[in-house]
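Asks: what's the 3D shape of this:
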Amino acid sequence: MSGADLSIRTAWDNEEKTSILVTYKQPWDWKDFEAAQAEINSMMGSTDQLVNLIFDVRQGGAPPPGAMIRFRAVVQSQHPNRGAIIFVGGAMMVQTFLNLIVRIFGKTVNDPNFVFANSLEEARSLIALRRKR
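Replies: Below is the predicted model of the structure:
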C-alpha cells in the first residue's frame, strides 16, 4: 500500500514499528480510504505493542461526501494496539471536523486521543515525549 501512485499511502514511520505514517494526497476517495484502513489494521495487528498513527493531511484536501458516518465508524472500531492519533497539517479544519463528530455522536465515540501538529518533525517529537511519560 506504500506505492507512490496511491492517494493514501501507509508505511511504518520507524524501525521499531511503533508509528505508522499515513499520507493523504488529493484526490482520494472512499475506496482509497478503506484500503488504507485495512492496511493500517493489518500493520497494527502484526505487532504486540501500541502503534501511534500519524496522518499527514497537508495535501489531502477536504474529505469526500459522507465523511461524518465513515469517520465515526473508524473511530468506533479502534484497534486494540492503537496509540495516539496525530494529524499533521490542516489542523483547524481537521480539529473542527473531529470535534463535530464527537459532539454529534457523543458517547458512541470512544476517546480517540487526537493530537495536532504542524509538521512531521513535531508529530515525531510529540510521540517521543509520550514515550518518556
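Asks: Check which helices and strands the lowest-mean-pLDDT helix or strand in the chain is in contact with.
Replies: The weakest-scoring helix or strand in the chain, judged by mean pLDDT, DSSP states H and E, is helix 91-105 (a mean of 70). In terms of contacts (3 or more C-beta pairs under 8 Å, 6 or more residues apart in numbering; DSSP states H and E), helix 91-105 is packed against helix 67-76, strand 114-117. (Each C-beta comes from the backbone N, C-alpha and C, glycine too.)
Asks: If we ignore the residues flanking it in sequence, what's nearest residue 117?
Replies: Excluding the flanking residues, the one nearest residue 117 by C-beta to C-beta, 6 or more residues apart in numbering is residue 123, at 4.1 Å.
Asks: Touching the helix or strand hosting that neighbour from outside, list them.
Replies: Take DSSP states H and E as the rule and residue 123 turns out to sit in helix 120-132. Applying C-beta atoms under 8 Å, 6 or more residues apart in numbering, the contact partners of helix 120-132 are 13, 18-19, 21, 52, 54, 56, 83-84, 86, 88, 115, 117.
Asks: and which of those residues is nearest to residue 70?
Replies: Of all the contacts of helix 120-132, residue 70 sits closest to residue 56, with 18.9 Å by C-beta to C-beta.
Asks: All set, thanks.
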